[in-house]
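**Student:** 3D, please:
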Amino acid sequence: MSNNIYTDVGSDILTASSAPPPLPAMQPEPTTHRFAFGGTAMAYFKIWIVNLVLTIITLGIYSPWAKVRRLRYFYGNTHLDGKSFDFTANPKRILIGRLIAIAIYIAISVFGQLSPEIAFAGAILLFLIFPWMLRSTLRFMARNSQFNNVRFGFGGTLAAAYVVMLLILLILVLNFVSLGLLTPFTIWLFKRYQFDNTYFGQLKFNFNTGVWDMYKAMILPLLAFLVVMLLGGGFIFSQAETMASPDGSLPPAAIAIIAVIYAVMLLIFPLMQGYIHRAIWGKLTLGDNRFVLVNFSPLKFAFISLTNVIATVLSVGLLHPWAAVRMHRYKTETLALSVVDDFDALTTPSADNISPLAEEISDVFDFDVSW
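**Tutor:** A predicted model of the protein is given here:
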């Protein structure tokens, strides 16, 4: 009898130990949603020309309303999975922010003429105020941006803003010694503060771009320019005698090489912007969801940027709407969002209980001083 009991217990233990472990929960397959832009240059031109005329007539007072109309057009025509973005700011809030910024600037400029001490104190005051104004602008722009009725938010603290600005100031001073080698680190600091503190509903953006990614984004165009300069200059120097013309004019080959050098030089900064755009958006995540660049080319980005500038200058500004729509369309339509979460849940308004008093206080102290 006892042997049967031991046998039963032993078989139970063997059965339990030989049972397979539970399978891990299967991760849902990500769904990729492409961004799209439905605006046209002609439609935006009508908005732009009215904004320009009214801003000139009102001596700039209408500019906040012009900015809201412009952003609402671009936001409203930008779509993700058939849903559009929206910009909900009140132009009066932007006007208040700009008036505050202008008043501070005028006060410092006027009183700074009275004595060097006042000018120095004004510069210190400007430094102390600037991080607060920058943070207020980021909060204002985020709180008034929404997608599918879900608002964005910015949670960066004022203390962090002062730390970032202090580091940037020190780096700018050191840049005179380092010949600008710390500039990528400066941009990285600001972008990290901006993206790491931005939210969409309850989801947080994560800035995964490293410092070295930012350095590569800015160094590669410079290296390309140096290579072209060295090769072109070396070729012209080596062929100086055979290329020399009796009348002293440059031969077509030399002119072509110089033209290529100038073209590459003009492409440096747009190319940097393209590489920076790829470094940021190619690694940016939103919660467990990540952004994906689709067929994005920094070289094409630079070409669009440079030809936009040329077209705008040659047209005396009349092609600015075409240039703005062209660039926004390229950046939008080469971007996608790989969604792991349920997309409908992703766009569900936050259920957090937000104090109305806190919202009112935030609305009073958040301004937009950007143009």
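
**Student:** Need the three-state assignment for Phe152.
**Tutor:** Following DSSP: H, G, I helix; E, B strand; the rest coil, Phe152 is assigned to strand.

**Student:** isn't it right up against Leu138?
**Tutor:** No - shown here, Phe152 and Leu138 do not form a contact pair, counting by C-beta atoms under 8 Å, at 10.3 Å. The C-beta positions use only the backbone N, C-alpha and C, and glycine is treated the same way.

**Student:** what's the pLDDT at the residue nearest to Thr285 when sequence neighbours are not counted?
**Tutor:** Nearest non-adjacent residue to Thr285, counting by C-beta to C-beta, 6 or more residues apart in numbering: Asn206, 4.5 Å away. On pLDDT, Asn206 comes in at 95.

**Student:** Then Leu14?
**Tutor:** We have a pLDDT of 43 for Leu14.

**Student:** Hmm, Asp288 and the residue nearest to Thr285 touching each other?
**Tutor:** No - taking contacts as C-beta under 8 Å, Asn206 lies outside contact range of Asp288: 9.7 Å.

**Student:** joint contacts of Phe152 and Leu138?
**Tutor:** Shared contacts of Phe152 and Leu138, defined by C-beta atoms under 8 Å, 6 or more residues apart in numbering, comprise Thr198.

**Student:** Looking at those two, which one has more neighbours?
**Tutor:** A side-by-side neighbour count of Phe152 and Leu138, using other C-beta atoms under 10 Å, places Leu138 first with 21 against 18.

**Student:** What is the one helix or strand the more buried one maps to packed up against?
**Tutor:** Per DSSP states H and E, Leu138 falls inside helix 116-143. Counting by 3 or more C-beta pairs under 8 Å, 6 or more residues apart in numbering; DSSP states H and E, the packing neighbours recorded for helix 116-143 are helix 91-112, strand 150-154, helix 158-178, strand 198-200, helix 356-365.

**Student:** Those: which one's closest to Leu267?
**Tutor:** Among the helices and strands packed on helix 116-143, helix 158-178 comes nearest to Leu267, with 23.2 Å by C-beta to C-beta.

**Student:** what's the model's confidence in the closest one, averaged?
**Tutor:** On average, helix 158-178 scores 81.

**Student:** For that helix, what is the distance to the chain centroid?
**Tutor:** Centroid separation for helix 158-178 versus its chain: 20 Å, with C-alpha atoms, centre = their mean, to the nearest Å.

**Student:** Check which residues of that helix are buried.
**Tutor:** Within helix 158-178, the residues scored as buried using 16 or more other C-beta atoms under 10 Å are Ala161, Tyr162, Val164, Met165, Ile168, Ile171.

**Student:** now for the helix or strand hosting Pro184, which elements pack on it?
**Tutor:** Assigned by DSSP H and E, Pro184 falls within helix 183-196. If contacts are counted by 3+ C-beta pairs under 8 Å, 6+ apart, helix 183-196 sits against helix 158-178, strand 203-206, helix 211-238, helix 252-281.

**Student:** go with 10 Å
**Tutor:** Packing contacts for helix 183-196, counted by 3 or more C-beta pairs under 10 Å, 6 or more residues apart in numbering; DSSP states H and E, involve helix 116-143, helix 158-178, strand 203-206, helix 211-238, helix 252-281.

**Student:** can I get those in JSON lines with distance to His33?
**Tutor:** Converted to JSON lines, the helices and strands packed on helix 183-196 look like this (distance: least, C-beta to C-beta, whole Å):
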{"stretch": "helix 116-143", "distance to His33": "21"}
{"stretch": "helix 158-178", "distance to His33": "32"}
{"stretch": "strand 203-206", "distance to His33": "15"}
{"stretch": "helix 211-238", "distance to His33": "25"}
{"stretch": "helix 252-281", "distance to His33": "15"}
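
**Student:** immediately after the top strand by length along the chain, which helix or strand?
**Tutor:** Looking across the chain with DSSP state E, the single longest strand is strand 31-37. The helix or strand immediately downstream of strand 31-37 is helix 41-57, counting by DSSP H and E.

**Student:** in that next one, what counts as buried?
**Tutor:** Within helix 41-57, judged by 16+ other C-beta under 10 Å, the buried ones are Ala41, Tyr44, Phe45, Ile47, Trp48, Asn51, Leu52, Thr55.

**Student:** With Ala89 as the reference, name the closest of the helices and strands packed on helix 183-196.
**Tutor:** Comparing the helices and strands packed on helix 183-196 by C-beta to C-beta, helix 116-143 comes nearest, at 7.1 Å.

**Student:** quick one: average confidence on the closest one?
**Tutor:** If you average the pLDDT over helix 116-143, you get 82.

**Student:** List the buried residues for that helix?
**Tutor:** 122, 130-131, 133-143.

**Student:** Which of these sits closest to Lys67?
**Tutor:** Closest to Lys67, out of all of those and judged by C-beta to C-beta, is Met141, at 10.6 Å.

**Student:** and the gap between that closest one and Phe120?
**Tutor:** Met141 is 32 Å from Phe120, where distance means C-beta to C-beta, to the nearest Å.

**Student:** measure stretch 198-217 end to end?
**Tutor:** 23 Å (C-alpha to C-alpha, to the nearest Å).

**Student:** related to what we said a few turns ago, what's the angle from the helix holding Leu138 to strand 150-154?
**Tutor:** Angle of helix 116-143 versus strand 150-154, following axes from the mean of the first three to the mean of the last three C-alpha atoms, to 10 degrees, is 150 degrees.

**Student:** Name the next helix or strand downstream of helix 116-143, please.
**Tutor:** strand 145-147.

**Student:** least trustworthy helix or strand in this structure by mean pLDDT?
**Tutor:** Across the helices and strands of the chain, mean confidence by mean pLDDT, DSSP states H and E is lowest for helix 356-365: a mean of 41.
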